Each structure stands twice: as structure tokens, then as C-alpha cells.
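>>> Pasting the sequence and the predicted model now:
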2 protein chains.
Amino acid sequence: MTAATQAQRAYHHGDLHSALIVAAAELIEESGSMNFSMADAARKAGVSTAAPYRHFRDKEDLLDWVSRLAFYGLGEGARQAVARTPDGSIERITALGNHYLNYVSSKPAFYDLMWGDIAIRAFNQDDFDRNASGFYILLDAVQSYLDSEGLTSEPALDIAVQLWSSVHGMSAIRMSGKLPHFHPQADTEKMLERATRTFMAGIKAKYA
Amino acid sequence: MTAATQAQRAYHHGDLHSALIVAAAELIEESGSMNFSMADAARKAGVSTAAPYRHFRDKEDLLDWVSRLAFYGLGEGARQAVARTPDGSIERITALGNHYLNYVSSKPAFYDLMWGDIAIRAFNQDDFDRNASGFYILLDAVQSYLDSEGLTSEPALDIAVQLWSSVHGMSAIRMSGKLPHFHPQADTEKMLERATRTFMAGIKAKYA
DNA sequence: CATTGATGTTACTATCATTAACATACAGTA
DNA sequence: TACTGTATGTTAATGATAGTAACATCAATG
């Protein structure tokens, strides 16, 4: 988004485009994406219920922008986790996993937006900022770790996806509320960290 | 649900309760849970738009039943995977993972129902059939494997949750359609199986 | 200034969720 | 067989929503 585009949006409201995304994000955080209505977002932003349609094709389009905002937040925390951990360490990898777990848990309503029905159908656009999701941050951390451990022949890309799966799955399971039903004393953070370390130990075991 | 309850439902339509659940499931499979409407389900079942409210408190209640149906289907396939693999083998565990991955992929619209916004909020009921989800099937397979490998001091419950996370995460990631963006040649089935084997190797490595 | 395109508003349509009032058919009982 | 109650279904109505169309305004540009 260029500065010129921003300026073009400053006619009446100021920046209704952004205001609506923020309003939608807040409403969704309160009441879930299922109960979200375009009309509510418009009211929250102080405009008529038809105004949003000057900025978003339809409801799905607005939700798509909120989803992008959520992914951006996820990536931001990942960058912070990297900043406070040593390069090439397994601690960096587990810190990234922990961040993911906590981010998703702290914003459960966003999870649906990022991974639910809408996301599945809408995510084929080219304009997606690859760095936003934080996957490449994880990939870098994995590559550094493999290098520092001398495991240079291992496929970092596959390993990163496998770790991502584990982290994402643990987050989804924790958030679903189903876990205590099966495992009352479950500590998802500890289980996730142990899973990561066990997985890495499994990789090293091939060379032992 | 008792036989008497079933009979009570055969007044006018025959079994509108079940008919609506099936109709809803089909509609959701076609157009996603986001576009599902109570009125559509009623029309598909050939009754007035108010009729469903004699059987379901509200829309969420009906969706909740569809979700249960989806979980039941998931559990059924798991039982079949167990039937065709040897007890105590790692093949049984990977077969369960593979089934999960394929079930979720083949019914993407159900995923939202089972793990999305609605599921998160509605899943605190006591009437949930624990066996339906298939978790205990996995847990049994893990316990058998640990026994057969002499790893009897390992916590099967934790390991089952860790494996579930990995499987669930890989399924969610595959289904999201985001993966080719990061890893164009990704083969989720192979990655999942390798992840499972690597994880198990990591557990064994502790005793080496 | 006059024009023009972007941004908002009001008014309108179609649809939906949900409820209330009314209708009917089946089960049990006299 | 007729009587009665309850479960099941219908029609009609309410309030809200998504999305569109016609109209209004405002800021930049000539």
C-alpha cells in the first residue's frame, strides 16, 4: 500500500479502510467471527451500514483483511522471539513454538479467521506478504540449528513444515477445549517443547 | 438415544431430526459452513422453515449435531485402520495418522465445524461420546507400540497427544492451501509419516 | 470556478433467524 | 370407538443483515 493510496482514502472519514479492519478485529475478538456483522463494524466505525462497501467488495473481503492483520501480529511476535534467543540454538525453535501457542490461545477468535472456512477459500491471492506468517523465520531458525549441529544434509524445509505442524496442532487442540477431556493434567507448553526436542533427537539419532 | 425416542420422532415427517442433520451436512459439504442457512436445510428436507426449531434449539445446535456426525465418521475410519494393521506396530500409528490426514482433506467443510469457532464454544457438553473422536484408538495403538518396544516407562498419554498434534497440524496446514506457497513440492503424507518415525526414534534414542 | 472521481448517505430488496399462534396427527385411555 | 394431550408441523410476523442503487458531497485538478 503506497502513501498515495493512503492519501486517497483520507477524503471524508480519514481512513475508513483501516478503521473498519480494526473495528472488525475488535468485534471478532469479543464475539467470534460467527457473530460478526458488517453492520456492526460500520456502526463501530461511526458510518452508515452501506459505507463499508466502498472499501470492501463484501463481508468476506473485510474478514480477509482482518486475517492478514492477525498473521501480521503472529509474525511480529516471532521476530521478537528470535531477537531474544541465540542463533543456531534449539531454544530459538522452542521459543518460536511457544510464541505461536500463546498467540493463538490469546486470540482464539482470530484462529477461526486464519485457519477456518473463509481462510481456506480466500487464500490464493498473490498479494500475500510471505514474511507475515512467520514461516520463513522458523525456517531460518531450523537451518541455523541444523548448521550449528552439523546436520547440513537434512532438509530444513521439510523439518520446518513438520515442526510447524506439531506447533499448529498443539495450538488448535489446546484451543478447542477438548484436551482436558482426554488428558486432564495436560500442559501443552511442556508437551510441545518436549515434542520438539524429541523430534530433533530423532534426527540426530540417524547419525549416532 | 433410545428406541423409544426414535419412535417418538416418526410422527409426521418420519425422522426430521436425522433428516435435517444429513441435509445440513450435505449443504455444508457443498458450500461451506459459512454459507449454511437453517432455511436451506429445511427446504432440502422438504419442510417449512420453522419446522427445524421443533428439533433444534437454534442454528448452532444443529451445526453441533453435524459436527458430531463428522467426528463419528473420523472414528469409524480409525477403527478400520486399526483392523488392517498389526497390534503394537508403528504401521498402525502411521496408518491412523494417514487416515486422519485424508479424512480431513476429503471433507474440508467439516473441518471448520469440528475445529472452528462453533466447536470451540459448544464443546463442553457431557454427552460427548469419547470414543467418537478416535483419540482413544490412537492412545491404545501408542501404548501397544511402547509395550512391544519395551518402552514401558514412557507416558503414552503425552505421546498420543504429541502425535495427535502433529497429525492435526499437518492436516490443517495441508487443507489451508498455504503450503505450496512455502514448499511447492511438499508431500504431506510422506512428511507426516517421516515425522512420526523421527519422533519415535527420538524416544528410543534416550535409551541408546 | 467547473469538472470529476472517490467516499458517504438514504432508501430499498431479498433473505435469514427466531418466535407466536394456530393446526393436526398419533398414542394412550375411557 | 370417541376423548384428550402432546409432539410435530404450518403460516404469519418481527427484527436484523448483506448487498445494491440513486443521490449527495468533498477535495484535487484544470
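Arrived safely, thanks for sending.
>>> switch to C-alpha atoms for all contacts and neighbour counts from now on
Noted.
>>> The longest helix along chain A: which residues count as buried?
The longest helix of chain A (DSSP state H) is helix A:59-83. Buried positions in helix A:59-83, judged by neighbour count with 16 or more other C-alpha atoms under 10 Å in any protein chain shown: A:60, A:62-72, A:74-75, A:77-78, A:81-82.
>>> Packing partners of the next helix or strand after it?
Next helix or strand after helix A:59-83 toward the C-terminus (DSSP states H and E): helix A:90-106. The contact analysis (3 or more C-alpha pairs under 8 Å, 6 or more residues apart in numbering or on different chains; DSSP states H and E) places helix A:90-106 against helix A:59-83, helix A:135-148, helix A:156-176, helix A:188-205.
>>> what about the helix or strand that helix A:90-106 is followed by and DNA strand D, any contact?
Per DSSP H and E, helix A:90-106 leads on to helix A:108-115 as the next helix or strand towards the C-terminus. No. Helix A:108-115 lies out of reach of DNA strand D by C-alpha under 7 Å from any atom of the strand, never closer than 14.9 Å.
>>> How far off centre is helix A:108-115?
9 Å (C-alpha atoms, centre = their mean, to the nearest Å).
>>> And the contacts of it?
Residues from elsewhere that reach helix A:108-115, judged by C-alpha atoms under 8 Å, 6 or more residues apart in numbering or on different chains: A:28-33, A:63-64, A:66-68, A:70-71, A:104, A:119, A:175, B:112, B:116-117, B:172, B:176.
>>> for the record, mean pLDDT for it?
Mean per-residue pLDDT for helix A:108-115: 88.
>>> Off-centre distance for the longest helix of chain A?
6 Å.
>>> again, but for stretch A:156-168
14 Å.
>>> Quick one: mean pLDDT for it?
Per-residue scores along stretch A:156-168 average to 98.
>>> repeat for stretch A:31-48
On average, stretch A:31-48 scores 95.
>>> Can you name the next helix or strand after the helix or strand bottoming out on mean pLDDT in chain A?
Every helix and strand in chain A was compared by mean pLDDT, DSSP states H and E; the lowest is helix A:3-8, with a mean of 37. Using DSSP H and E, the helix or strand that follows helix A:3-8 towards the C-terminus is helix A:16-31.
>>> Contact residues of chain A facing DNA strand D?
A:11-12, A:36-40, A:49-50, A:53, A:57-60.
>>> Let me have those in TSV, adding distance to DNA strand C as columns.
Below are these laid out as TSV (distance: C-alpha to the nearest atom of the strand, whole Å):
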residue	distance to DNA strand C
A:Y11	5
A:H12	4
A:F36	13
A:S37	12
A:M38	12
A:A39	11
A:D40	13
A:T49	6
A:A50	5
A:Y53	7
A:R57	12
A:D58	14
A:K59	14
A:E60	16
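>>> From those, list just the buried residues.
A:36, A:38-40, A:60.
>>> ok, so what distance separates the residue in chain A that DNA strand D sits nearest to from A:E60?
In chain A, the residue that lies nearest DNA strand D is A:S37 (3.2 Å; C-alpha to the nearest atom of the strand). Counting by C-alpha to C-alpha, to the nearest Å, the separation of A:S37 from A:E60 is 11 Å.
>>> what does A:S166 give?
29 Å.
>>> what do you get for A:I137?
According to C-alpha to C-alpha, A:I137 stands 28 Å off from A:E60.
>>> same thing with A:A51?
A:A51 is 15 Å from A:E60, by C-alpha to C-alpha.
>>> related to what we said a few turns ago, a markdown table for the residues of chain A next to DNA strand D, including distance to A:K206?
Converted to a markdown table, the residues of chain A next to DNA strand D look like this (distance: C-alpha to C-alpha, whole Å):
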| residue | distance to A:K206 |
| --- | --- |
| A:Y11 | 63 |
| A:H12 | 64 |
| A:F36 | 50 |
| A:S37 | 53 |
| A:M38 | 54 |
| A:A39 | 58 |
| A:D40 | 56 |
| A:T49 | 61 |
| A:A50 | 61 |
| A:Y53 | 57 |
| A:R57 | 53 |
| A:D58 | 52 |
| A:K59 | 51 |
| A:E60 | 47 |
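>>> For the residues you listed, work out which two are farthest apart.
Greatest spatial distance in the residues of chain A next to DNA strand D: A:Y11 and A:F36, 26.8 Å, computed using C-alpha to C-alpha.
>>> Sketch out the low-pLDDT regions of chain A for me.
A:1-12, A:117-132 (pLDDT under 70).
>>> In terms of helices and strands, where is A:A186?
Following DSSP H and E, there is no helix or strand that holds A:A186.
>>> I'd say it and A:G177 touch.
No. In this structure, A:A186 is not within contact of A:G177 by C-alpha atoms under 8 Å, at 11.5 Å.
>>> residues contacting A:V82?
By C-alpha under 8 Å, 6+ apart, the contact list for A:V82 reads A:92, A:95-96, A:137.
>>> If you rank those residues by neighbours, which is first?
Of all the contacts of A:V82, the highest neighbour tally under other C-alpha atoms under 10 Å in any protein chain shown goes to A:L96, namely 26 neighbours.
>>> can you tell me how far it sits from chain B?
A:L96 is 16 Å from chain B, where distance means C-alpha to the nearest C-alpha, to the nearest Å.
>>> ditto for A:D87
22 Å.
>>> just A:S31 next, same as before
10 Å.
>>> Check the burial of that residue by counting its neighbours.
Neighbours of A:S31 using other C-alpha under 10 Å come to 12.
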